[in-house]
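**Student:** any chance you can model this:
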Amino acid sequence: MKFIITIFQDEDGMYIAECPAIPGCISQGQTEAEAENNIHEAIRECLTVRAEKGMPLTVPTRQIEVEIEWGQSPH
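**Tutor:** Below is the predicted model:
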């Protein structure tokens, strides 16, 4: 199976990897490569647990467009 993941660096310098299609499926690493490697195992574990509990393996994700006007005061 193929999954989309996100990876970002938190305020402490750790890289956080998430799989949006699997709620709560998060891992981390000291580098992007380590975080990506770790999320592979997290995805396997999450899918196993969801299957054992009879839950849907994934949830639908959507891409939406949001207009943002930069430089505008939020008042």
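**Student:** how much space separates the residue nearest the centre of the chain from residue 69?
**Tutor:** Geometric centre of the chain, nearest residue: residue 18, 2.0 Å, by Cα atoms, centre = their mean. When distance is defined by Cβ to Cβ, to the nearest Å, residue 18 is 28 Å away from residue 69. Just so you know, the C-beta spots here come from the backbone N, C-alpha and C atoms, and that holds for glycine as well.
**Student:** looking at it, the residue nearest to the centre of the chain is touching residue 26, isn't it?
**Tutor:** Yes. Proximity of residue 18 to residue 26 meets the contact threshold set by Cβ atoms under 8 Å, at 5.0 Å.
**Student:** common neighbours of these two, please.
**Tutor:** Shared contacts of residue 18 and residue 26, defined by Cβ atoms under 8 Å, 6 or more residues apart in numbering, comprise residue 39.
**Student:** can you get me a residue count around residue 64?
**Tutor:** 4 (other Cβ atoms under 10 Å).
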